[in-house]
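J.: Okay, here's the prediction I keep looking at, along with the sequence it came from:
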Amino acid sequence: MKRDSSLHLHIPHARFRPGDTADFSYLSLPRAGQSPCPPSDAQASATRDLADGLVRVIGDDGGAVGPWDPKLDPGLALKGLRAMLLTRIFDDRMFKAQRQGKTPFYLKCTGEEAVAVAQALALRPDDMCFPTYRQQGLLIARDWPILDMMCQIYLNPKDRLKGRQLPVLYSARQAGFFSLAGNLGTQFPQAVGWAMASAYKRDTKIAAAWIGEGASAEGDFHQAMVFAAVYRAPVILNLVNNQWAISSSQGVAGGEEASFASRAVGFGFPGIRVDGNDFLAVYAVTRWAAERARNNHGPTLIELFTYRAGAHSTSDDPGRYRPGDEYQHWPLGDPIERFKAHLIRIGAWDEARHQALVAEIETQVDAANREAQGLGVHSNGPHHDPATMFEDIYKEMPQHLKEQRAEMQRLRVLAGRAPS
Amino acid sequence: MKRDSSLHLHIPHARFRPGDTADFSYLSLPRAGQSPCPPSDAQASATRDLADGLVRVIGDDGGAVGPWDPKLDPGLALKGLRAMLLTRIFDDRMFKAQRQGKTPFYLKCTGEEAVAVAQALALRPDDMCFPTYRQQGLLIARDWPILDMMCQIYLNPKDRLKGRQLPVLYSARQAGFFSLAGNLGTQFPQAVGWAMASAYKRDTKIAAAWIGEGASAEGDFHQAMVFAAVYRAPVILNLVNNQWAISSSQGVAGGEEASFASRAVGFGFPGIRVDGNDFLAVYAVTRWAAERARNNHGPTLIELFTYRAGAHSTSDDPGRYRPGDEYQHWPLGDPIERFKAHLIRIGAWDEARHQALVAEIETQVDAANREAQGLGVHSNGPHHDPATMFEDIYKEMPQHLKEQRAEMQRLRVLAGRAPS
Amino acid sequence: MTSMNMVQALNSALDVMLERDANVLVFGEDVGFFGGVFRVTEGLQQRHGEQRVFDAPIAEGGQIAVAIGMGAYGLRPVVECQFADYIYPAFDQLVSAAARLRYRSAGEFNAPLTVRSPYGGGIFGGQTHSQSPEGLFTHVCGLKTIIPSNPYDAKGLLISAIEDDDPVLFFEPKRLYTGPFGGHHDRPLETWAKHPAGEVPAGYYTVPLGQASITRSGGDLTILAYGTMVHVALTAAAETGVDAEVIDLRTLWPLDTDAIIASVGKTGRCLIIHEATRTGGYGAELSALVQERCFYHLEAPIERVAGWDTPYPCEFEWDYFPGPLRVGDAIRRLMAA
Amino acid sequence: MTSMNMVQALNSALDVMLERDANVLVFGEDVGFFGGVFRVTEGLQQRHGEQRVFDAPIAEGGQIAVAIGMGAYGLRPVVECQFADYIYPAFDQLVSAAARLRYRSAGEFNAPLTVRSPYGGGIFGGQTHSQSPEGLFTHVCGLKTIIPSNPYDAKGLLISAIEDDDPVLFFEPKRLYTGPFGGHHDRPLETWAKHPAGEVPAGYYTVPLGQASITRSGGDLTILAYGTMVHVALTAAAETGVDAEVIDLRTLWPLDTDAIIASVGKTGRCLIIHEATRTGGYGAELSALVQERCFYHLEAPIERVAGWDTPYPCEFEWDYFPGPLRVGDAIRRLMAA
Ligand SMILES: Cc1ncc(C[n+]2csc(CCOP(=O)(O)OP(=O)(O)O)c2C)c(N)n1
Ligand SMILES: Cc1ncc(C[n+]2csc(CCOP(=O)(O)OP(=O)(O)O)c2C)c(N)n1
Ligand SMILES: [Mg+2]
Ligand SMILES: [Mg+2]
């Protein structure tokens, strides 16, 4: 046995901090088209290389290559492009609204649009999604009205959540979009429960869940993996590795020595790492996992390898902890630019149509925004009646809440904030 | 894409239930000596086959074979044999004491003695252990006085834990044995914290933790894996897969489709599955992991593949949920019998000496038991002063606890249970 | 009517609901083939199939999480938490998710789950098999907390809990599983066979949530109790000979405040008892509430008799348990005040 | 003496302790390079090195677990829980392990850890950035719970907490980080610069645990408060003109009962205020206790003014927050009783 020296504590680092030049050369990125595509009922062990690798379809020249090419129908492709663009423009507009004080909070998904949008299109409309706050693209891809989202962001009287929730924490049952939690991770095992219920009912609907790589450190991640494995739940478990959890690098979540996708193999189900900025690859991998789940072969863990291009949220100032221009160096590019280039390359799209589409979406967003703002904004109302805060704690309001509501109303009158 | 039929919910089964004949032929067990032994600073990926395989050293003929043969010093081997025998005889005696009402509870580790005993001997005496209730063998192998253990089991005045804890939930700081929790899993990430502290202090001591395969479903297991990986903590994480968690088979914990050891690979550190009833294999694998940890290469997950030969505890009746004679069919045999056969085979031991050793240990246990019972037993005392229950809640007793203690004393007098 | 102990009554409630409603599922540690360590689910898997009644991984947080997901789908899961002492790994899912789901989604989703869990001491289980954590849940808005004190109520309340569209914590006094227990651990064990509440209808019935029951009426003193302590209250009342009114809360929250106010308004004296640790226990809320509502009727300070502020010590559980002597002592003190 | 806001005072406490004691470690989400989302650990990693101050995985349960292990080794870890709303994943480790370790090992092991966490509303953070969960911890024996109300106390109490050999929950009123806040959200923000408790010694000092402070003395009414609500109490007292005594508890548990009894014994009236939901909140314990100890001195019912029994609604936080109007209303009612 070797002699032992003294121990030391390893502390993971971000690769670069303000002042440094971002260098992503430590990443070993396979070229597009190189990953094999096993049948969707493959054994977990057959996916090992997929878990450690990176499924990519769109090559540097914009062409789609390899066995994962989903041969996407052009209509669907344009729907995807449109939804990604709408997501980005919507985000930008809402971010500005926060800076104007019209909402207390906003959170963008810039750079990660392909994740939610391509995945939404690869699922069926009634498959159930348990997202994080960074999958607004699911709603948009499922044609959920952005006016509805805006009304929630502005906390106005048309906010279906009645001014209760932090903006962006949507709930849209009709869109198969589960009520967003502020508590990271909680949704992940809940999705497994939903999938188990669907299986128990001999339904055909599957569930999909999302979690950030940072939040995957929570026990909830493990619970989802264990229950999904044990009951072979028809669920797609998506881990969005956007390299950052606020200021912490993915190494702090355990990504230094292994891919997150590879964790699935130890539970006996497939893990696949995919280029999260490659619309076609994300779509294809999600389709594969959906097919697997729907045919009773159980769960899949998908690691979506991407980059959080912007701040964590409007409360964050990333200039304090990262260089600021690193996104320019991100070797997997921008999902919208890459998909656009691909569509142009295959002759399904051109720059002029693109500019027209952008302009159209900007108009759409502006119109909705005007309408939403007209209905009320955080800073100067109108809002719901504050008395609604006592509703929905229980199905029926118990006596003590009725009393508290009356007390609050009395005080509002006393304060001159409500008519007596 | 394939057509989808309706989903169904998979429920894992035990392989056999009362009335069935136990059949373990579903296990694919490599022969002894077949697993390669990489250097202890190997990459996690190099341990993949070890994680899915089973390290075995003692062959069917009793010989030690292959690269994992630790070439154990004969003195240490006999110490191990003795500690295993003492553990078993101690367990049997205490089990009987519970049936006699002398303690409210007992829990044996029969069939799993090699786990704790071989591992204790592979660690250094000051390495810190965070065990479960089924590693009493650690204390015994570290020469902790069985009298002390008995006094706790009998909850008598020499019980260092003052009658507070369920018997068997030992605490022995001097033996490097962390206070046992009733709450499954909590100790697992705590061990990682201890190891991090040791590394932070540039100490040379490492930590070792144990968890049952059943309890590995808890979030705590994941926390231990994540923190161990992130900070490369000098810790050995032991998962004892004794096939059962009370009445649930290891499939209910997620062991149907993959080994538990293989979970480590997805965190970037080695996982090794070892024949838990093979003293030499357990010793060798533990040494390997200890060397790795002590040389700053970080954690290892060891899955100890064994069988819970007896009831879960004295509160349990396994006849309700398993055949009863399955242990006879367990293909990895009995750890004591196998190690004894090995020692005899290499000429270091013989049947006569064995019988003498058993007799000696029985005498030792009986003597200690008489002494312990003489000091008091659960059923008829004496015990500690009940007033001690107010101590050690805080370092200094706050006012309200002093008042409550006085109140209790007043009531005891009132009840005629204490002199006034 | 059949004679049932509490285990049988609970088993019958589950059986009835599994039969009536295909959306009811039962799972938890060892509840499947084995029938649960306290035998509450005995025979249910055999009768209703393993898709309806099954073992769960040892991961209380995961169990509640999947139950929430199932609830969102439309099922009514009933989860057994093997001991109330082991509910803490599920605390986040209960507090952050189950309790808030209806609110945060403005009614789009709800969590109609029931968590059953044996609580309380008296079986020499030590600090991790004896706890009474109800006070941690009654503080959390959105949860309902129930503790029955006899087989009849146990079955009727459990059926109501399963049918309820909100998340319900259903704590079962393990010391009462096989018989009433007035607190004299040194006397022969009683069974439910001779107790009127041991007569339980075989089929479906409900005991409504939110209604206390007056287990003993009296004019001099009100005792608020639930679970095991109801029986201790009755014993102490009998032993002291005081004309005490014993209110069995049954539903801790939402609370039947009216019943309490009416009683204390009448008696002017109030004693609150529970097995949980005193400080910040549910008794604190009851005391505060009674004081607020009945201040001008009170003839003596409201007293609390509760578990000491220590873990439940294994060997000394009968010095820990707030038995009839201690309760009786408080009754006498209150009557003398 | 230096002028410090509460963030700076807390930062200074950590800095002083990192300097004095090599066994002190600081970790939590984003506390390393970044310095914490509320900037409390700003510069500490840079000054003390990344072995002493570092980022932790987002796993509050794991953080507390490793802190317990470190404590068993002999270190004094200080963990930041980014928001008190996110402490629940650590509930089991806090309640089942940290709180019980000394007891269950009869003193062989202890858990000298400090968990810092910003709590309370007032930043439009909605229900998961505004909670006040202290009442869940004051019920758990073995834990100490502290809530400071100003920079001076914050630093002195945090140093005491770190030096304490028992596990301490240290909740920081995030609304007070940058200035005192009397509850009028529509008035200009104040800073600590002009407040006497904003004068903070640069070096080491302690404020002892377990001692309340009388922030305003008065003879007619006792107000029990902590954290943000101390300032609301002062505002309401000033606005009503009632001669109220305001007691800042500082340490919630173990509690300075003597100070409370002395005050209520003098005033005969008691108002308890907190931001946490009312039912089963810490105010219930305070009310029960005051009633038990001061029954014969009480001239009016003890009242509680607290958060409504709902989650903290994002847009309506100023209807939720128990501000000076509501507190003043209760003061007047109490004085009229
Ligand atoms: C249980 C819990 N802990 C902490 C937080 C605070 N928090 C909000 S977002 C965040 C970072 C999450 O990072 P990641 O999971 O990688 O998702 P991303 O923001 O990158 O999409 C943290 C720590 C929280 N919301 N919930
Ligand atoms: C958190 C928690 N949940 C449940 C229990 C009840 N319980 C005690 S032992 C046990 C089975 C544990 O099985 P396993 O982890 O495989 O260990 P083994 O008993 O086989 O050694 C259970 C469910 C507990 N003690 N703690
Ligand atoms: Mg992230
Ligand atoms: Mg086991």
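T.: Ah, there it is. Ligands and ions are numbered 1, 2, ... in the order given.

J.: Let me see the ranges of the strands in chain A.
T.: Under the criterion DSSP state E, chain A carries strands at the ranges A:128-130, A:207-212, A:235-241, A:244-245, A:248-249, A:271-275, A:300-305.

J.: Just put those in JSON lines and tack on mean pLDDT, distance to ligand 3 and mean neighbour count.
T.: Every residue, glycine included, has its C-beta placed from N, CA and C. Shown next, in JSON lines, are the strands of chain A (pLDDT from 0 to 100; distance: least, C-beta to the ion, whole Å; neighbours: other C-beta atoms under 10 Å in any protein chain shown):
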{"stretch": "strand A:128-130", "mean pLDDT": "98", "distance to ligand 3": "17", "mean neighbour count": "27"}
{"stretch": "strand A:207-212", "mean pLDDT": "98", "distance to ligand 3": "4", "mean neighbour count": "28"}
{"stretch": "strand A:235-241", "mean pLDDT": "98", "distance to ligand 3": "6", "mean neighbour count": "29"}
{"stretch": "strand A:244-245", "mean pLDDT": "98", "distance to ligand 3": "5", "mean neighbour count": "24"}
{"stretch": "strand A:248-249", "mean pLDDT": "98", "distance to ligand 3": "9", "mean neighbour count": "25"}
{"stretch": "strand A:271-275", "mean pLDDT": "98", "distance to ligand 3": "15", "mean neighbour count": "28"}
{"stretch": "strand A:300-305", "mean pLDDT": "98", "distance to ligand 3": "10", "mean neighbour count": "30"}
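
J.: Output those strands in JSON lines; the columns should cover distance to chain B.
T.: Output for those, formatted as JSON lines (distance: least, C-beta to the nearest C-beta, whole Å):
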{"stretch": "strand A:128-130", "distance to chain B": "13"}
{"stretch": "strand A:207-212", "distance to chain B": "11"}
{"stretch": "strand A:235-241", "distance to chain B": "11"}
{"stretch": "strand A:244-245", "distance to chain B": "12"}
{"stretch": "strand A:248-249", "distance to chain B": "10"}
{"stretch": "strand A:271-275", "distance to chain B": "7"}
{"stretch": "strand A:300-305", "distance to chain B": "9"}
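
J.: Let me have these in a markdown table, extended by distance to residue A:98.
T.: Shown next, in a markdown table, are the strands of chain A (distance: least, C-beta to C-beta, whole Å):
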| stretch | distance to residue A:98 |
| --- | --- |
| strand A:128-130 | 25 |
| strand A:207-212 | 21 |
| strand A:235-241 | 22 |
| strand A:244-245 | 20 |
| strand A:248-249 | 23 |
| strand A:271-275 | 31 |
| strand A:300-305 | 26 |
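
J.: I'd assumed residue A:150 was in contact with residue A:372.
T.: Yes. With contact defined as C-beta atoms under 8 Å, residue A:372 counts as touching residue A:150 (3.6 Å).

J.: These two: which has the busier surroundings?
T.: Legend: neighbour count by other C-beta atoms under 10 Å in any protein chain shown for residue A:372 and residue A:150, higher for residue A:150 (28 against 25).

J.: any idea of the mean pLDDT for the longest strand anywhere in chain C?
T.: Taking DSSP E as the criterion, chain C has its longest strand at strand C:270-277. Per-residue pLDDT over strand C:270-277 has a mean of 98.

J.: Name every strand pairing with it and say which way it goes.
T.: strand C:221-225 (parallel), strand C:303-307 (parallel) (DSSP bridges).

J.: can you tell me the distance between the two ends of stretch C:264-275?
T.: In stretch C:264-275, first residue to last residue: 22 Å (C-alpha to C-alpha, to the nearest Å).

J.: What ranges does the stretch 201-337 of chain C have for its helices?
T.: With DSSP state H, counting those that start in this stretch, the ranges of helices along the stretch 201-337 of chain C come out as C:228-240, C:257-267, C:282-294, C:317-320, C:324-336.

J.: In JSON lines: those helices, plus distance to chain D.
T.: Below are these laid out as JSON lines (distance: least, C-beta to the nearest C-beta, whole Å):
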{"stretch": "helix C:228-240", "distance to chain D": "17"}
{"stretch": "helix C:257-267", "distance to chain D": "11"}
{"stretch": "helix C:282-294", "distance to chain D": "4"}
{"stretch": "helix C:317-320", "distance to chain D": "12"}
{"stretch": "helix C:324-336", "distance to chain D": "11"}
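
J.: closest to residue A:228 out of those?
T.: helix C:282-294 (36.9 Å; C-beta to C-beta).

J.: ok, residue A:258 to residue B:411 distance?
T.: 59 Å (C-beta to C-beta, to the nearest Å).

J.: Between these two, tell me which one has more neighbours.
T.: A count of neighbours by other C-beta under 10 Å puts residue A:258 above the other of residue A:258 and residue B:411, at 20 against 17.

J.: got a list of what that one touches?
T.: Going by C-beta atoms under 8 Å, 6 or more residues apart in numbering or on different chains, residue A:258 touches A:52, B:44, B:229, B:265-268.

J.: List the residues that contact the most centrally placed residue in chain C.
T.: With the centre of chain C defined as its mean C-alpha position, the nearest residue by C-alpha atoms, centre = their mean is residue C:147, 1.6 Å away. The neighbours of residue C:147, taking C-beta under 8 Å, 6+ apart as the test, are C:119, C:134, C:170-173, C:226-227, C:249-250, C:252.

J.: again, only this time at 6 Å
T.: Shown in contact with residue C:147 (C-beta atoms under 6 Å, 6 or more residues apart in numbering or on different chains): C:171, C:226-227.

J.: Please identify which of these is nearest to residue C:207.
T.: For these, the nearest to residue C:207 is residue C:226 (13.5 Å; C-beta to C-beta).

J.: and that closest one, how many residues sit next to it?
T.: 28.

J.: for it, phi and psi?
T.: The phi/psi pair for residue C:226 (degrees, to the nearest 10) reads phi -160, psi 160.

J.: okay, it: pLDDT?
T.: 98.

J.: Quick check: it vs residue A:82, distance?
T.: For residue C:226, the distance to residue A:82 - C-beta to C-beta - is 59 Å.

J.: again, but for residue A:68
T.: 23 Å.

J.: For the two, indicate the residue with more neighbours.
T.: residue A:68 (26 against 17).

J.: quick one: that one and residue B:350, what's the gap?
T.: Residue A:68 is 65 Å from residue B:350, where distance means C-beta to C-beta.

J.: try residue C:53
T.: With the distance defined as C-beta to C-beta, residue C:53 ends up 54 Å from residue B:350.

J.: For the stretch 101-250 of chain A, which segments count as helices?
T.: Using DSSP H, counting those that start in this stretch, helices in the stretch 101-250 of chain A cover A:113-122, A:136-141, A:146-153, A:187-200, A:219-230.

J.: For the stretch 1-150 of chain C, which segments are assigned as strands?
T.: In the stretch 1-150 of chain C, strands defined by DSSP state E, counting those that start in this stretch lie at C:2-3, C:24-28, C:53-55, C:76-80, C:114-119, C:144-146, listed in chain order.

J.: Hmm, residue C:150 and residue C:197 touching each other?
T.: Yes. Under the criterion of C-beta atoms under 6 Å, residue C:197 makes contact with residue C:150 at 3.5 Å.

J.: who has more neighbours, these two?
T.: residue C:150 (26 against 19).

J.: quick one: contacts for that one?
T.: residue C:197.

J.: swap in residue C:213?
T.: C:248, C:250.

J.: again, 10 Å this time
T.: Counting by C-beta atoms under 10 Å, 6 or more residues apart in numbering or on different chains, residue C:213 touches C:149-150, C:153, C:197, C:207, C:230, C:246-250, C:256, C:259.

J.: Next one: the spatially closest residue to residue C:59 that is not a sequence neighbour relative to residue A:223, how far apart?
T.: Residue nearest to residue C:59 in three dimensions, not counting chain neighbours: residue B:217, with 4.0 Å by C-beta to C-beta, 6 or more residues apart in numbering or on different chains. Per C-beta to C-beta, residue B:217 is found 8 Å from residue A:223.
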